[in-house]
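Colleague: how would this look folded up:
(one chain, ligands or ions: 1)
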Amino acid sequence: MTYTLTTPLYYVNDKPHLGSAYTTLACDALARFQRLKGERVIFITGCDEHGLKIQRTAEQAGLTPQAHCDRVSAQYRELWQAWEISNDRFIRTTDPRHRQLVHQFFKRVEAAGDVVEGRQQGWYCVACEEFKDDPAGANTPNCGIHHRPLEWRDEINLFFRLSRYQQPIEELIRRPGFISPPGRQKEVENFVLQGLRDFSISRLNVPWGLPVPGHEPQTFYVWFDALLGYLTALLEPGDVPDLELLSQRGWPASVHVIGKDILRFHAVYWPAMLLSAGLPVPERVFGHGFLTREGQKMGKSLGNVLDPATLLERCGPDAVRWYLLRDIGFGDDGDFQQQRFTDLVNNDLANTIGNLLNRTSSMARRWFAEAVPPVSSALTDQHPLALASADATQRVLAALERLDFRAAAEAALQLAVAANGYLNEQAPWSRMKRQEGVEQVADDLYAVLEAARIVALLIAPLLPDLAERMLAQLAQAPLASGVPEQASSDAPASPPWSERLWWGGLVAGTPLPEPAPVMARLELEETL
Ligand code: MSP
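Modeller: Next up, the predicted model:
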């Protein structure tokens, strides 16, 4: 079985913003979790490059659409590399193989009798690339999202007969777990129960689109072509594009992770298109919330857009990953607040987790010949920290299965809090001062180091860099939760992640390297 997961394919009308980074970071955590569990993962991301919005942006930039797409998609690719995103694929919808697959798919849909000609009249938002059902306003209404005037369209287009799929789509969206989180399911259900209407899948005057075979000069509506990018992405390098191949290449997707604004496309239109083409539907669609900044919507005109490249440069990957995944319930809307960001990172990562490891390994080195202390009773799985570790592990695993990154982060953090509490209670430094109970000190330090090791393993899907630094500090083999080809093949084989999570993995007497802070404090004087 393959675990195929996708981010949306991002529009290349502008450089990447925090919203796109948010989805991609969450998917990266999920991909790493699945790999650590031993699954074969195909993590897909990429760019959506056709349509009127891109065509116009290129015109404004004085570039050909292709040159513009090349430029912006390269920015995405570079950003994900800088963020160490472990995507296995990067698909661009201008890929020549994509055109072939779209044609094949369309032929199937047409042969199924699901394509009809019709007159498309309505108000269109180019920024959304979507017709608006009931636009408010008099002569020229505005888009409720972009606050820009809608454009009137009246043309003959090809329509996909979505109305024929009312029944199967109703069943699908009621299938437990298909749409998450549960609140979003209701939203989609309300829409579907209003009655599904056919929608236009071609455009007459948009040259920057894939031609509709047999219906030139119509080009495909950008969403029809974009969703199919998930399929093209699964083709392997030598593959001739063929829909028949996909079941061996990782289709259907285990999950599409998207923002709530594009849920309808993924949970309704897309499954219907797939059913029409005789292909299986995705197993799950997860619609996350929207990010604001200090309570305000981010936008160019407000000048408050957070640039993910700047964030990375100034704060490092662990800080931002932690804040976004720990502070915002995945599925809820979230607000980026710089002060809260700094406080959380410094309290949770630098103090609670970083200092725990640092001070414990310093003590162990000082009193036990620079090594993991010899251990007696701390090894029992009834030790309070052994129990806390087992509990945290179980909670992190369950939370990550349901994409609840916040609960996973909290459970891992609580283990570090428990270990700090235990250390303070036992106060091994006082025992050492009194020169009594050295055995007890050894046990206590062993138990705290062991808990820190488990914290490192538990945060690995969320904070791969910090986890590796912690493991190195504990003289443990790296995890390599990234793309398999990138994992070093000459590293000594270590037990799988799930076994490494068992209590008692640290070997007494293992030399410990000189401690260095694993997490720097954030000192942000200016606004990001
Ligand atoms: N090209 C389409 C997707 C096609 S998928 C086959 C698209 N692209 S997008 O670049 O406009 O948006 C990509 C994602 O970013 C969407 O999931 C959207 O919800 C998300 N976000 C855009 N702004 C956002 C925030 N402010 N906060 C969180 N996510 C946001 O739609």
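Colleague: close to the ligand: what parts of this protein are there?
Modeller: 8-11, 19-20, 22-23, 48, 226-227, 229, 258-259, 261-262, 290-291, 298 (CB under 6 Å from any ligand atom). Bear in mind the C-beta positions are built from the backbone N, C-alpha and C, glycine included.
Colleague: out of those residues, which sit inside strands?
Modeller: Using DSSP state E, the members of the residues of the chain next to the ligand that fall within strands are P8, L9, Y10, Y11, D48, I258, G259, L291.
Colleague: picking up where we left off before, and the residues of the chain next to the ligand, which are buried?
Modeller: Buried subset of the residues of the chain next to the ligand (neighbour count, 16 or more other CB atoms under 10 Å): 8-11, 19-20, 22-23, 48, 226-227, 229, 258-259, 262, 291, 298.
Colleague: how about the residue of the stretch 1-150 of the chain found nearest the ligand, nearest residue that isn't a chain neighbour?
Modeller: Nearest residue of the stretch 1-150 of the chain to the ligand (CB to the nearest ligand atom) works out as G19 at 2.4 Å. With sequence-adjacent residues excluded and distances taken as CB to CB, 6 or more residues apart in numbering, G19 is closest to L291, at 5.9 Å.
Colleague: partners of that neighbour in the sheet?
Modeller: G334 (DSSP bridges).
Colleague: pull the contacting residues for it.
Modeller: L18, G19, Y22, M298, L324, I328, D333, G334, D335, F336 (CB atoms under 8 Å, 6 or more residues apart in numbering).
Colleague: what's around the last one, how many residues?
Modeller: The criterion is other CB atoms under 10 Å. On that basis, F336 has 24 neighbouring residues.
Colleague: again, but for the first one
Modeller: A count of neighbours around L18, defined by other CB under 10 Å, yields 18.
Colleague: nearest residue to it other than its sequence neighbours?
Modeller: Closest to L18 by CB to CB, 6+ apart is L306, at 4.3 Å.
Colleague: show me what contacts Q104?
Modeller: By CB under 8 Å, 6+ apart, the residues touching Q104 are P241, D242, L243.
Colleague: and if we set it to 6 Å?
Modeller: Counting by CB atoms under 6 Å, 6 or more residues apart in numbering, Q104 makes contact with L243.
Colleague: now do the contacts for V483.
Modeller: Shown in contact with V483 (CB under 6 Å, 6+ apart): S86, D88.
Colleague: could you measure it against the ligand, distance?
Modeller: Taking CB to the nearest ligand atom, to the nearest Å as the measure, V483 falls 22 Å from the ligand.
Colleague: quick one: low-confidence ranges for the protein?
Modeller: Under the criterion pLDDT under 70, the flagged ranges of the chain are 136-138, 484-492.
Colleague: and the residue of it nearest the ligand?
Modeller: For the chain, CB to the nearest ligand atom, closest residue to the ligand: G259, 1.6 Å.
Colleague: nearest residue to that residue in space, please, no chain neighbours.
Modeller: Of all residues not flanking G259 in the chain, H288 sits nearest, at 6.0 Å (CB to CB, 6+ apart).
Colleague: counting neighbours, which bits of the helix or strand that contains E117 end up buried?
Modeller: E117 belongs to strand 115-125 when assigned by DSSP states H and E. Neighbour-count burial for strand 115-125, counted by 16+ other CB under 10 Å, picks out V115, Q120, W123, Y124, C125.
Colleague: which one is the first one nearest to, not counting chain neighbours?
Modeller: Here the nearest residue to V115 in space, its sequence neighbours aside, is L158; by CB to CB, 6+ apart that works out to 5.4 Å.
Colleague: sec struct for the closest residue to Q75 other than its chain neighbours, please.
Modeller: Using CB to CB, 6+ apart and skipping residues adjacent in sequence, the residue nearest Q75 is K15, 5.2 Å away. Following DSSP: H, G, I helix; E, B strand; the rest coil, we place K15 in the coil state.
Colleague: neighbours around K15, how many?
Modeller: 15.
Colleague: cool, A472 as well?
Modeller: Around A472 there are 15 residues (other CB under 10 Å).
Colleague: now swap in S498 and tell me
Modeller: Residues contacting S498 under the criterion other CB under 10 Å number 13.
Colleague: next, give phi and psi for the closest residue to C47 other than its chain neighbours.
Modeller: Leaving out its chain neighbours, the residue that sits closest to C47 by CB to CB, 6+ apart is S73, at 4.3 Å. The phi/psi pair for S73 (degrees, to the nearest 10) reads phi -70, psi -30.
Colleague: cool, thanks, signing off.
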